[in-house]
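sequence first, predicted coordinates after that:
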Amino acid sequence: MENNKIRLRFAPSPTGMLHIGGARTALFNWLYARYSKGTFILRIEDTDQVRSTEEAVNVILEGMKWLGLDWDEGPGKEGKYGPYYQMQRLSLYKKYAQQLLKEKKAYYCYCTKEELAESRKRQLKVNKSHPKYDRHCLNLSDEEKRKYEKEGRKPVIRYKIPEKKIVFNDLLRGEVSFDGELLSDFVIVKSDGIPTYNYAVVIDDALMNITHVMRGDDHISNTPKQILLYEALGFDVPKFAHIPMIMGEDHAKLSKRHGAASVMEYRKMGYMPEALVNYIAHLGWSPGNDREIFSIEEIIKQFSLKNISKHAAVFSTDKLNWFNNEYLKKMPVDSLTKLLLPYLKEADYIKDEKLSPEKFEWVKEIVKLMLGRFRNFSQFIDYADYFFTDKIDIESKAFRTVLNKDGVLDILTTLKEKLSVVENWDEESLEDAVRGVASSLKIKAGKIIHPTRVSLTGKKIGPGLFELMVVLGQEKNVKRIEEAIEKIKEAKKNAN
RNA sequence: GCCCCCAUCGUCUAGGGGUUUAGGACAUCGCCCUUUCACGGCGGCGACAGGGGUUCAAAUCCCCUUGGGGGCACCA
């Protein structure tokens, strides 16, 4: 029973950020594991000693946790197939390499980089299509080996490619076949004794009993090499599913230069993990109906290899924004406000995330006013600055087109007088006050509303004026209108 | 260069021989709501890459071309 269980893994190499593409691969593996009540394993492929860092490991673990992709086995969750860091599994790779060596399925190679390059150049001259390793070291005598060792050469271990057709049945693409003759004897153990990716991944997936290997389709051409190794080692070959890649808006492989490419950047920008997950789930997958907003449980229930598409998908920030906004609108204001606190703290809008109940209520009022007007938390920080700061910056265009106009000075002066004596600082009284000023000056209310908004917020756009005035409070209202009046006067003086 | 994968609106996709004047979503445009922006409502624009087959019938099946992507390391 236990042996029939579906086991999938996500096996990132900790050489940088948790990429959006990697996150989507992780998500699909996780979804399929959860859907099939299988096991999801996280394995760290840290055999690139130059580029791997502990920090990158942490970023990956944190990113996975933030997205809600919990693993059943892996770092911090040792299972019976551990360890889950490749650098802690070196003895395993060594053991099976020895087996291949003994069975003459692999051999030591002492060729230097220069010699390899030389050989390639020679081949290009005669048979330019597919140069491969010339097998110079395939049948080295012990004496030759000793000679090379004396020269200080450290050998690699190469796998000897059997020249046959390799066919596999991809779960998404059907039959895929490669000609073994085109493959070169590739290195499985580097001269420093560390295994290469194509070798280590096979040992680990086999030993960890991985049943389904789901990964980006950039791995399709690695698959024949890996299948050959499974067969050479006598392991069962897992099922493969190569999922389409995610591209940037320019249709090139998603990378740093596309702006935000890492999961953590999206957290920083204030996207909700549920929204990000919902969106990237739809990159290359569709449940086949017209709905798009789904809880993670609903996605798990509907997830199937059958409705994964085969072609690459372009990442769209616009659509992500829409997803995020849908989640923001659905969220209770209370919870939303709580989520926002760290960002407010980060922006120095509040001193401490622990707010008094009154202050929390006040922030909540602001969130209510802003709801639907921001697509992520950093936009909230940008758009709602005037609630939290003392000094506001009046956008120059707003000043020019709204405040620095004939008659505005009188309007604001009259309004300021009126506002400083308003007794009940609530929406109704304020609307009465403003409309009262309008009728006494014989102008339309809009003529007052716009300059007032700019005076109070520095912006031409924002929530309803009267509700905004209530939250801002009488003192700030009067003060900001006074400041605006001064600025207008100054501008007029400079103009003359 | 060689090998492999892929191909429906600008983007994500539905559709898997007749139910299709090819459906939805994002974006975009217009109108309504409105003090502004957003939200919401209504509507518009917008695609089967091309060519051959197969078939009574093809976006759907096959082939070729073209286009896009990926891989050809002592990186993963």
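Great, that's in hand. Numbering: from 1, shown residues only, chains lettered A, B, ... in the order given.

what about A:Pro451, is that helix, strand or coil?
Following DSSP: H, G, I helix; E, B strand; the rest coil, A:Pro451 is assigned to helix.

excluding its backbone neighbours, what's nearest it?
A:Val408 (4.9 Å; CB to CB, 6 or more residues apart in numbering). Backbone N, C-alpha and C define where each C-beta goes, glycine included.

touching the helix or strand harbouring A:Ile300 from outside, list them.
For A:Ile300, the host element (DSSP states H and E) is helix A:296-302. With CB atoms under 8 Å, 6 or more residues apart in numbering as the test, helix A:296-302 has contacts from A:Leu31, A:Arg34, A:Tyr35, A:Gly68, A:Glu274, A:Val277, A:Asn278, A:Ala281, A:Pro287, A:Phe294.

and the two most separated of the residues you listed?
A:Gly68 and A:Pro287 (18.9 Å; CB to CB).

of those two, which one has the most company?
Shown here are A:Gly68 and A:Pro287; by other CB atoms under 10 Å, A:Pro287 has more neighbours (17 against 12).

can you pull the contacts of the more buried one?
Listed by CB under 8 Å, 6+ apart, the contact partners of A:Pro287 are A:Phe294, A:Ile299, A:Gln302, A:Asn307.

which residue ranges form the strands in the stretch 151-300 of chain A?
Under the criterion DSSP state E, counting those that start in this stretch, the stretch 151-300 of chain A contains strands at A:156-159, A:165-170, A:174-179, A:187-189, A:212-216, A:239-243, A:246-247.

any chance of those strands in CSV, plus distance to RNA strand B and mean pLDDT?
Below are the strands of the stretch 151-300 of chain A laid out as CSV (distance: least, CB to the nearest atom of the strand, whole Å; pLDDT from 0 to 100):
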stretch, distance to RNA strand B, mean pLDDT
strand A:156-159, 5, 97
strand A:165-170, 7, 94
strand A:174-179, 4, 93
strand A:187-189, 4, 97
strand A:212-216, 8, 97
strand A:239-243, 7, 97
strand A:246-247, 6, 94
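
out of everything not next to it in sequence, what's closest to the residue nearest the centre of chain A?
For chain A, A:Val263 is the residue whose C-alpha lies nearest the centre (CA atoms, centre = their mean; 2.5 Å). The shortest distance from A:Val263 to any non-neighbouring residue, by CB to CB, 6+ apart, is to A:Gly63 (4.2 Å).

so what secondary structure elements neighbour the helix or strand where that neighbour lies?
Element membership for A:Gly63, per DSSP H and E: helix A:54-67. Helix A:54-67 is packed against helix A:20-35, helix A:263-268, helix A:273-281, with contacts defined by 3 or more CB pairs under 8 Å, 6 or more residues apart in numbering; DSSP states H and E.

which one, of the ones you listed, ends up nearest to A:Ser184?
Of all the helices and strands packed on helix A:54-67, it is helix A:20-35 that lies closest to A:Ser184, at 27.1 Å by CB to CB.

following that closest one, which helix or strand shows up next?
Proceeding N to C from helix A:20-35, the next assigned helix or strand is strand A:39-42, under DSSP H and E.

tell me the contacts of A:Asn324?
Contact partners of A:Asn324, counting by CB under 8 Å, 6+ apart, are A:Tyr271, A:Met272, A:Ala275, A:Leu276, A:Tyr279, A:Arg375, A:Asn376.

now the second one: how far from A:Met370?
If I follow you right, that is A:Met272. 16 Å (CB to CB, to the nearest Å).

repeat for the fifth one
Remark: distance between A:Tyr279 and A:Met370 (CB to CB) = 22 Å.

the two: which is more packed in?
Shown here are A:Tyr279 and A:Met370; by other CB under 10 Å, A:Tyr279 has more neighbours (26 against 20).

any residue of the helix or strand bottoming out on mean pLDDT in chain A touching RNA strand B?
Lowest on mean pLDDT, DSSP states H and E among the helices and strands of chain A sits helix A:113-126, with a mean of 87. Yes. Using CB under 7 Å from any atom of the strand, helix A:113-126 reaches RNA strand B at A:Lys113, A:Leu116.

check stretch A:5-13 too.
Yes. With CB under 7 Å from any atom of the strand as the criterion, RNA strand B is reached by stretch A:5-13 at A:Pro12, A:Ser13.

buried residues of that stretch, list them for me.
The neighbour-count check on stretch A:5-13 (16 or more other CB atoms under 10 Å) flags A:Ile6, A:Arg7, A:Leu8, A:Arg9, A:Phe10, A:Ala11, A:Pro12, A:Ser13 as buried.

can you pick out the most distant pair from those?
The largest separation in the buried residues of stretch A:5-13, counting by CB to CB, is between A:Ile6 and A:Ser13 at 24.0 Å.

how close does the residue located most distally from the centre of chain A sit to RNA strand B?
Distance from the centre of chain A peaks at A:Ser440, with 56.6 Å (CA atoms, centre = their mean). As judged by CB to the nearest atom of the strand, to the nearest Å, A:Ser440 and RNA strand B stand 18 Å apart.

tell me where the stretch 301-450 of chain A has strands.
A:313-314.

residue boundaries of the helices in it?
Ranges of helices within the stretch 301-450 of chain A are A:317-330, A:333-346, A:357-370, A:377-383, A:385-388, A:396-398, A:408-420, A:427-441, A:445-457, based on DSSP state H, counting those that start in this stretch.

quick one: contacts of the fourth one?
It stands for helix A:377-383. So helix A:377-383 is in contact with A:268-271, A:339-340, A:343-344, A:347, A:349, A:367, A:370, A:373-374, A:459, A:462, going by CB under 8 Å, 6+ apart.

and RNA strand B, which of these contact it?
Applying CB under 7 Å from any atom of the strand to the contacts of helix A:377-383, those adjacent to RNA strand B are A:Arg373, A:Gly462.

what's the angle between the longest helix seen in chain A and helix A:408-420?
Across chain A, the longest stretch assigned as helix under DSSP state H is helix A:474-495. Interaxial angle, helix A:474-495 versus helix A:408-420 (axes from the mean of the first three to the mean of the last three CA atoms, to 10 degrees): 160 degrees.

can you show me the CA trace of helix A:474-495 as CSV?
Provided in CSV are the C-alpha atoms of helix A:474-495 (Å, rounded to 0.1, in the frame of the first residue of the first chain):
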residue,chain,number,x,y,z
GLN,A,474,-10.6,69.0,11.7
GLU,A,475,-7.2,70.2,12.7
LYS,A,476,-5.4,68.8,9.7
ASN,A,477,-8.1,70.0,7.4
VAL,A,478,-7.8,73.6,8.5
LYS,A,479,-4.0,73.5,8.6
ARG,A,480,-3.6,72.0,5.1
ILE,A,481,-6.1,74.5,3.5
GLU,A,482,-4.1,77.3,5.2
GLU,A,483,-0.9,75.9,3.7
ALA,A,484,-2.5,75.6,0.3
ILE,A,485,-3.6,79.2,0.5
GLU,A,486,-0.1,80.3,1.3
LYS,A,487,1.3,78.3,-1.6
ILE,A,488,-1.1,79.8,-4.0
LYS,A,489,-0.3,83.3,-2.8
GLU,A,490,3.3,82.7,-3.2
ALA,A,491,2.9,81.3,-6.7
LYS,A,492,0.9,84.4,-7.7
LYS,A,493,3.6,86.7,-6.2
ASN,A,494,6.3,84.9,-8.2
ALA,A,495,4.2,85.1,-11.4
